[in-house]
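J.: for reference, the sequence and a predicted model appear below.
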Amino acid sequence: MMVSALQPCAFDAVLLSLRVAAVTLVLFVVSGIGLGYLLTRPFALRGLLDALVSLPLVFPPIAIGFFLLMLLGRHGPLGAPLYAHLGWELVFSFEALVLAAFIAGLPLVVKPVQSAIESSAREMIEASYTLGKGKLETLLRVVIPAIRTSLAAGLTLAVGRAFGEVGITLMLGGNLIGETETLSLAIYNRVIEGDSTCATWLSLLLGGISLSLFFLLRRLGRL
Amino acid sequence: MQTLSARIDFTRPDFRLRAHLRLPDSGITAVLGPSGSGKSTLLRLLAGLERPRAGCIRLGEHIWFSRAQAIDRPPSARAIGFMFQHYALFPHLSVAENIGYGLARGRERQRRVAEWIERLELAGLERRRPDALSGGQRQRVALARALAPRPRLLLLDEPFSAVDASLRQSLRLLLQELVSENDTSAILVTHDLEDARQCADRIGVMIAGRVRRLGESAEVLADPGDAEVARVLGWPNTLPVTQWAGDEACGTWGRVRLSRAPARAHEVVALLPDGPRPGAREGLEVEIAQVIEMGAYRALSCRLPDRTPLRLHLPRALPCPARGARTRIAVPPECVIALPARASVRFNHWSPHP
């Protein structure tokens, strides 16, 4: 019954969401550790960077999506040179979906990592330096193991948020069925079309994927 | 001789540290001072965990920091051992892995780790994680981890603050033995005068970001240099002097005699809390404001006639006046020293031939 309820376009939406989640997960790991560490160090524009990272927590997603659309669209201040020089239009593409999911989930991974480094890892990092280790070795042997629980918690929240993202994705991705229709947007579209059966199955599927991710990442954090 | 030589100027928005000191390559130097005086910051600057605004830090021929020569060696290149106040053990590593962290991989590492485990009586705990250790065990692991790479200089930031008094005594002895055995020198930051008294060869006193006194322990304890330093070194009673009459100092609080007349008419006399005894026929007139039981002794908070507070330590075996009683205390001349209110800060250096 579930399979028949999920039309081919919905399968596409599931696959697209999984691809977006896979790419953003990698980006979250790299930028979560990098930005989380950077924001514990004193530098001139730290306050500004902290505010920018935290912005999606307080700013309405649909408004963020709109401003990004204006910025990155073919005639936008950033989108126009991209299109003129590289012939690349970011909006309404797979990359736009990744960017939307990344922006929405970023603070949820950066903040726990930043907090974990500030509260306990800072002294361990310094201890590692005084024991003759460089930055890379300290990162791999001390920082990541020490913050892994916080990192796993942050990744769970961030990927869950990325999966459920609608506002920014709607604006940047354009909701093109078969092209930029993610699982969340597919639910939205089925509801608009009045297909509540399909919307129900898709919602259960989205919930199931999110819960599976939650348990998987929580287990990784305990290792 | 690998003398540590440091001339440091460091600023934060609310704090400035200016230190100029030189230390030999053996023994323990304890750095004492009130909270916020910059003791831990000095240690972090020496380790390279903070960067001075100006100055030069060198150990023997090795320049660690020089603003003039644009040299700033990272902590990893300074060959130091650093023991943090809360140990900073790696929670995901076992005892053996923590101790071996600073050593190069290989059989030599295994051998050295095994040696340290035996030396610090940690046998049987090799595979345990830090959260399964007692406070004293954690401290020994941290000490072994800091010393295992054979550092040229060991820096200890309040290492005994998180353990109880009974453990402190044995750990002080252990530290002395290890520093001696490993032919290294150590700087021990502490707020506990007993740490300095019991295990330091030299004592430095920091107040408000300046090293105000540095020298051999006995010399510094006997002659703190000025009244502010004296208070840090266990002379809680400093009384302003209005007049000198030979070896007798007078003030609105009364008069006391010194063992000899001071060379200069200093502004302050300091009284040790342990020597003076109440119930005398002559001496300073005091009112007992409070009596606190301290175990081996009683701490008496007294008030002199001009309301100046005076603190005394009275052995439990001696009769103790009641709270509110008025009595006179006999002050032995050897318990009194004359000091300037504040001495000028000089270049502080250790020298075997003062």
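T.: Everything's here; your move. Numbers count the residues shown, from 1 in each chain, chains lettered A, B, ... in the order given.
J.: please identify the buried residues of the helix ranked longest in chain A?
T.: The single longest helix within chain A, with elements called by DSSP state H, is helix A:8-38. Within helix A:8-38, the residues that count as buried by 16 or more other CB atoms under 10 Å in any protein chain shown are A:10, A:12-14, A:16-17, A:20-21, A:23-25, A:27-29, A:31-33, A:35-38. For the C-beta atoms, the positions are set from N, CA and C on the backbone; glycine is no exception.
J.: next SSE downstream of it?
T.: helix A:46-58 (DSSP states H and E).
J.: avg pLDDT for that next one?
T.: Regarding helix A:46-58, the rounded mean pLDDT is 92.
J.: is chain B contacted by it?
T.: No. Between helix A:46-58 and chain B, judged by CB under 8 Å from any CB of the partner chain, nothing touches; the nearest distance is 14.7 Å.
J.: helices or strands up against that helix?
T.: Helix A:46-58 sits against helix A:8-38, helix A:94-116, with contacts defined as 3 or more CB pairs under 8 Å, 6 or more residues apart in numbering or on different chains; DSSP states H and E.
J.: next SSE downstream of it?
T.: That would be, after helix A:46-58 and using DSSP H and E, helix A:61-72.
J.: circling back: out of the helices and strands packed on helix A:46-58, which is closest to chain B?
T.: Closest to chain B of those is helix A:94-116 (CB to the nearest CB; 11.8 Å).
J.: whichever helix or strand comes after the closest one near chain B at all?
T.: Following helix A:94-116 in sequence order, the next helix or strand is helix A:122-130 (DSSP H and E). Yes. For a cut-off given as CB under 8 Å from any CB, helix A:122-130 has contacts with chain B, namely A:123-124, A:126-130.
J.: now, among these, which is nearest to B:Val163?
T.: Lowest distance from B:Val163 to those (CB to CB) belongs to A:Glu123, with 17.8 Å.
J.: measure the closest one to A:Lys135 for me?
T.: 16 Å (CB to CB, to the nearest Å).
J.: the residue of chain A found nearest chain B: what's it in contact with?
T.: Nearest to chain B in chain A, going by CB to the nearest CB, is A:Leu131, at a distance of 3.4 Å. Residues counted as contacts of A:Leu131 (CB atoms under 8 Å, 6 or more residues apart in numbering or on different chains) are B:76, B:101-102, B:145-146, B:149.
J.: give the contact list for the most centrally placed residue in chain A.
T.: When CA atoms, centre = their mean is applied to chain A, the residue found nearest the centroid is A:Phe102 (3.1 Å). Applying CB under 8 Å, 6+ apart to A:Phe102 gives the contacts A:24, A:27-28, A:31, A:162.
J.: over to B:Ala144?
T.: B:99, B:116-117, B:119-120, B:122.
J.: the same query, at a cut-off of 10 Å, please.
T.: B:81, B:83, B:95-96, B:98-100, B:112-113, B:115-117, B:119-120, B:122, B:178 (CB atoms under 10 Å, 6 or more residues apart in numbering or on different chains).
J.: ok, B:Gly100 next?
T.: By CB under 10 Å, 6+ apart, B:Gly100 lies in contact with A:131, B:93-94, B:109-110, B:112-114, B:116-117, B:144-145, B:148-149.
J.: I would like a PyMOL command selecting only the buried ones among the residues you listed, please.
T.: Command for PyMOL, covering only those of the contacts of B:Gly100 found buried under the criterion 16+ other CB under 10 Å:
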select buried, (chain A and resi 131) or (chain B and resi 93+94+109+112+113+116+117+144+145+148+149)
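J.: of all the contacts of B:Gly100, which comes closest to B:Glu282?
T.: B:Ala144 (56.6 Å).
J.: for that closest one, grab phi and psi.
T.: phi -60, psi -40 (degrees, to the nearest 10).
J.: secondary structure element for the nearest residue to it once chain neighbours are set aside, which one?
T.: Nearest non-adjacent residue to B:Ala144, counting by CB to CB, 6 or more residues apart in numbering or on different chains: B:Trp116, 4.2 Å away. According to DSSP H and E, B:Trp116 maps onto helix B:107-119.
J.: tell me which parts of chain A are close to chain B?
T.: Counting by CB under 10 Å from any CB of the partner chain, the residues of chain A close to chain B are A:120-135, A:137-138, A:141-142, A:144-146, A:148, A:223.
J.: try it again at 7 Å.
T.: A:123-124, A:126-127, A:129-134, A:142, A:145-146 (CB under 7 Å from any CB of the partner chain).
J.: which of those are buried?
T.: A:123-124, A:126-127, A:129-133, A:142, A:145-146.
J.: can I get these in a markdown table including pLDDT and distance to A:Val110?
T.: Conversion of these to a markdown table gives the following (pLDDT from 0 to 100; distance: CB to CB, whole Å):
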| residue | pLDDT | distance to A:Val110 |
| --- | --- | --- |
| A:Glu123 | 90 | 21 |
| A:Met124 | 93 | 19 |
| A:Glu126 | 95 | 22 |
| A:Ala127 | 96 | 24 |
| A:Tyr129 | 96 | 23 |
| A:Thr130 | 96 | 27 |
| A:Leu131 | 96 | 28 |
| A:Gly132 | 95 | 30 |
| A:Lys133 | 95 | 24 |
| A:Val142 | 92 | 19 |
| A:Pro145 | 90 | 19 |
| A:Ala146 | 87 | 16 |
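J.: what is the nearest of those residues to A:Leu216?
T.: A:Pro145 (18.6 Å).
J.: could you measure from that closest one over to A:Ala127?
T.: For A:Pro145, the distance to A:Ala127 - CB to CB - is 13 Å.
J.: please enumerate the helices of chain B.
T.: Going by DSSP H, chain B shows helices at B:39-47, B:95-100, B:107-119, B:135-147, B:165-181, B:193-199, B:217-222, B:227-232.
J.: worst average pLDDT in those helices?
T.: helix B:165-181 (a mean of 86).
J.: and the angle from it to helix B:107-119?
T.: Interaxial angle, helix B:165-181 versus helix B:107-119 (axes from the mean of the first three to the mean of the last three CA atoms, to 10 degrees): 140 degrees.
J.: which residues touch helix B:165-181?
T.: For helix B:165-181, the external contacting residues (CB atoms under 7 Å, 6 or more residues apart in numbering or on different chains) are B:28, B:136, B:139, B:143, B:147, B:154, B:160, B:163, B:186, B:195, B:198-199.
J.: who does B:Ala270 bridge with?
T.: Beta-bridge pairing for B:Ala270 (DSSP bridges): B:Thr238, B:Ile337.
J.: with B:Arg58 instead?
T.: Beta-bridge partners of B:Arg58, as defined by DSSP bridges: B:Ser5, B:Ile63.
J.: with B:Ile28 instead?
T.: According to DSSP bridges, beta-bridge pairing links B:Ile28 with B:Ala186.
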